[in-house]
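Participant: Here you go, sequence then predicted model.
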Amino acid sequence: MDSHKRHSKHDITNMDEASKFELEAFCLCEFDNISGSVISFQYPEKKIDDKEFEPVSKFFITKMELCGRIVTCSTDQYFYLSIPQKINHKRYERNAFSFNFMFVFKKDPLGGPGELIVKRVMTPILKRLSSMFLELEEKYQFLTNPETRDSLPSIIREVRESLNTRKEVNLKIKTGDTTLNQKRLDWATQKEVAIYDVPLFNSKAIQLGEGRIDLTVEKVIPYINGVNCVRHIAMEAQVDEVYVIQAMQQLLFFNRIVMVDIFQYSNQYKIISRTNINKLFQDKALQQRCINYIKLPNMQQSPNMTDVFKFFTQIKPGVSLRTILSRNEGADLLHHKSLVVFGLLYRIIARVDEFPYCEDRESAKDIHEIALHLNGKHCMDELCLEHQISRDEMMDILQDTDCAIILKTRRASPGLLSMYE
């Protein structure tokens, strides 16, 4: 398989598709000193029988290196999503307690896309549940104490039914005199990520806080630099695009990255908030933050805020970044990309995308491969990435056609402003 195989947007981001895959069962698997891996509790009861479970049981209670990480496997009937956990402590027999909360789904008859959708949507929920029960066991022996263990059947039933009916879970668990804060876990927290989105860290420390980061996230982190788009990260890390997108969604879920656009001098932008420009004009502390952010490396002279305001006031659809900067003498003292990113982060500006549209696509034989995508639904960034050409090259190809360019303001990217809120 190509290490950065391309998938359609429908395959990886359609929330309606995800809703079709109901949770068949929610199970707690534990290590029994006599029987090995066993399902201690499940709802519905006896949904996963011994004949079904035995061939895959070894994947659910596993080596320490895989604990805290997502482990998936499939049988003829089901797709399993799980996170094995292990606690080493002398209070346990054999000085350790191993357990695994598992989501079980019907196997996707289409073979692949459905399971990827389910994994993307359900992984953050399972991570939070698994992390919560790990903490409960470490602090209160919630899973092993007979008194609290008796409540597990009702909890497991509630989780499964809530996810299938309300697409969320609200758990209030009492441990002695302690009541844990309400846990709200929504399906709809996932953000769309496109191949042309550029991730940018909003924190130096990449600690997700709820369970350990998975192997894919670890593998792609070194390639997140505010320059590489999702597709280029997949290529450089030699990871399938689908899994890179999942990794980005996980980092977005925990507010560790924001998404910006590919920086090009041909880009167009639009002012979306005069209020935020006025705030920048009035707030001296914000101005200093802006100056620090857009200052050129090793440059003694600081940027002038007058040049910054000139830049923002000249932005409008149909005018390229190159044109705006060429009109301003002070632009040489500004870090151009950082200036654009600052405007995006503070919702002062938004990217204006170009969508080529050709009414008679079938007749454009000379550019037939590209013409098939000239339906007004694919932006220029996406088309250039797909066909591995620059915007200027694309415009040269389109100039002899009846193609029109439709301008649309891009929606604010996931994670914007989280750096400063």
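Facilitator: Sure thing, it's come through. Numbers count the residues shown, from 1 in each chain.
Participant: helix, strand or coil for N170?
Facilitator: Following DSSP: H, G, I helix; E, B strand; the rest coil, we place N170 in the strand state.
Participant: and the gap between it and T62?
Facilitator: Counting by Cβ to Cβ, to the nearest Å, the separation of N170 from T62 is 31 Å. Every residue, glycine included, has its C-beta placed from N, CA and C.
Participant: more neighbours, the two?
Facilitator: Neighbour comparison, N170 and T62: the larger count goes to T62, with 18 against 11 (by other Cβ atoms under 10 Å).
Participant: OK, contacts around the nearest residue to the more buried one once chain neighbours are set aside?
Facilitator: Once flanking residues are discounted, T62 sits nearest to P84: 5.1 Å by Cβ to Cβ, 6 or more residues apart in numbering. P84 is in contact with F60, I61, T62, L66, C67, G68, R69, V71, S98, F99, N100, counting by Cβ atoms under 8 Å, 6 or more residues apart in numbering.
Participant: Show me what P84 is bridged to.
Facilitator: Counting by DSSP bridges, P84 is bridged to N100.
Participant: Could you measure from it over to K63?
Facilitator: Taking Cβ to Cβ, one finds P84 at 9 Å from K63.
Participant: same deal with N225?
Facilitator: From N225 over to K63 the distance is 33 Å, taken as Cβ to Cβ.
Participant: go on, N276?
Facilitator: For N276 relative to K63 (Cβ to Cβ), the value is 51 Å.
Participant: More neighbours: those two, which one.
Facilitator: Comparing N276 with K63 by other Cβ under 10 Å, the one with more neighbours is N276, at 18 against 8.
Participant: what about the helix or strand harbouring that one, distance to the chain center?
Facilitator: Element membership for N276 (DSSP states H and E) is helix 274-282. Using Cα atoms, centre = their mean, to the nearest Å, the distance from the centre of helix 274-282 to the centre of the chain it belongs to is 31 Å.
Participant: C-terminal to that helix, what's the next element?
Facilitator: helix 284-294.
Participant: Helix 274-282 and the helix or strand just after that following helix, what's the angle between them?
Facilitator: Counting by DSSP H and E, the next helix or strand C-terminal to helix 284-294 is helix 305-313. Relative orientation of helix 305-313 versus helix 274-282 (axes from the mean of the first three to the mean of the last three Cα atoms, to 10 degrees): 170 degrees.
Participant: Please state the offset of helix 305-313 from the chain centre?
Facilitator: What separates the centre of helix 305-313 from the centre of its chain is 33 Å, taken as Cα atoms, centre = their mean.
Participant: what mean pLDDT would you report for that helix?
Facilitator: When pLDDT is averaged along helix 305-313, the result is 93.
Participant: Show me what counts as buried in stretch 30-46.
Facilitator: If you call a residue buried by 16 or more other Cβ atoms under 10 Å, then stretch 30-46 has these buried ones: E30, F31, S37, V38, I39, S40, F41, Q42, Y43.
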